[in-house]
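>>> structure for this input, please:
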Amino acid sequence: MKLLIDIGNSRIKWTTLDSGRFTESHSFDRKKTGIKTSFTNEWKELADIDAIFVSNVGGDKVAEHLTDWSEKKWQLTPKFISSEQKRFGVTNAYQQADKLGVDRWLALIAARQHARQATCIIDCGTAITIDVVTKYGAHQGGMILPGITLMREALTSNTSNINDVVEESEFKTLAVNTQSAIQAGTLYMVTASLERIVDDLNEQFNNRIRFIITGGDAVLVMPLLPSFIAHYPDIVLKGLGYYARQGDRQPRVRPEANRAPKAVEAPSEINVTETTKARVAIDVTETAKVPETVEVTETSKAPVAIEVTETAKVPETAKVPETVEVTETAKASEAIEVIEIPKVPEVAKARKVAKARKVTKAPKAVEVTEAVEVTETVEDPKYVKLQK
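The predicted structure is shown next:
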């Protein structure tokens, strides 16, 4: 089982990946002191942890505390993910890839997977970050705004405990006290900015873009935002999951070059009489790559192959359609009426047609020497007697 940890500026979120599946996510406040005690309270009951993957934007100090604690608890050194130039189908727009916050990088990875259109990720944390990735995985860049917490701190930097009071105050559009006024003002400032950004991006992408919101303050601003913005609270952990799973994936085994697909299994016998041109049907150069299914010695009976176009000169004398199968013609004397031959010179070369002995090996083929006896059917001296 793998432990996935998202360390933010204010909170720490975590989940586990058990047999490739996410379990329920959890979170706790990141305190300035006693961080190892928080780790113990959260993870003391976890067992069978074999790997730890971390997204950390909280600084080096918390990373050191986590490493010391996990090495003592499970004898495991956490793997801290950093932003890359390209991974999992996403290309980083930053020239210096590691300068992009790892939480933003992981959110891009998770948002891009299975996406059929461009995606905008709005992360409402201590700071608000906005990033856009196309459906092809190209990061378009983003922007950073002060979050609700930073705005309130800027307004109340000289007032003690004002933040706790603000969180408990009832929200009103027009406030009648300082705490509610700060709450309303910061919320409207954030949501107004986000609405403008959403409108501009919809226009830029011709409304072919989806919007995702995440982060600890997402639940505060969502009631004032358009309803089509989807809430993905664990998107950074989902991105971590791709890194955690990659070690479990088996390498792809490419099929051998001479291995024929199972769907193209040639029959053991080929009925040449069903094909129009046997030379096209029996092409040894095309079937030589299927040694397991076709033996050339069984199919390459070239003498059976007959090009009907060499013998189909009968339509000039008897107007027989080209689609008539010889096997259906019982007696040529019934099919060919010599009295209809308009000109003797045109049929005088009938001896060339009598080379039908070449087709005697074809199944169901009629020997023309037995079927056509022109000397017995023509008695009128006005017409030329045809010999065999």
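
>>> so for the longest helix anywhere in the chain, mean pLDDT?
Assignment by DSSP state H gives helix 178-204 as the longest helix of the chain. Across helix 178-204, pLDDT averages out at 93.

>>> buried ones in the helix or strand following it?
Going down the chain from helix 178-204, the next helix or strand is strand 209-214, by DSSP states H and E. Buried residues in strand 209-214, counted by 16 or more other C-beta atoms under 10 Å: 209-214. The C-beta positions use only the backbone N, C-alpha and C, and glycine is treated the same way.

>>> for this protein, give me the ranges with low pLDDT.
Within the chain, the stretches with pLDDT under 70 are 158-172, 247-388.

>>> domains in it, as residue ranges please.
1-80, 83-234, 256-305, 306-388 (automatic domain parsing).

>>> so which elements touch the longest helix of the chain?
Applying 3 or more C-beta pairs under 8 Å, 6 or more residues apart in numbering; DSSP states H and E, we find helix 178-204 packed against strand 118-124, strand 127-133, strand 139-146, helix 148-155, helix 162-168, strand 209-214, helix 218-221.

>>> quick check: the spatially closest residue to A181 that is not a sequence neighbour vs A154, distance?
Leaving out its chain neighbours, the residue that sits closest to A181 by C-beta to C-beta, 6 or more residues apart in numbering is A175, at 3.9 Å. Distance, A175 to A154, by C-beta to C-beta, to the nearest Å: 18 Å.

>>> gap between the nearest residue to A218 once chain neighbours are set aside and T40?
Closest residue to A218 apart from its sequence neighbours, by C-beta to C-beta, 6+ apart: C124 at 4.7 Å. Distance, C124 to T40, by C-beta to C-beta: 30 Å.

>>> more neighbours: these two, which one.
A count of neighbours by other C-beta atoms under 10 Å puts C124 above the other of C124 and T40, at 25 against 12.

>>> residues in contact with the more buried one?
By C-beta atoms under 8 Å, 6 or more residues apart in numbering, C124 lies in contact with 147-148, 190, 213-218, 220-221.

>>> out of these, which is most surrounded?
Highest neighbour count within those, by other C-beta under 10 Å: G215, with 28 neighbours.

>>> that residue against D123, yeah?
Yes - counting by C-beta atoms under 8 Å, G215 does reach D123; the two are 4.5 Å apart.
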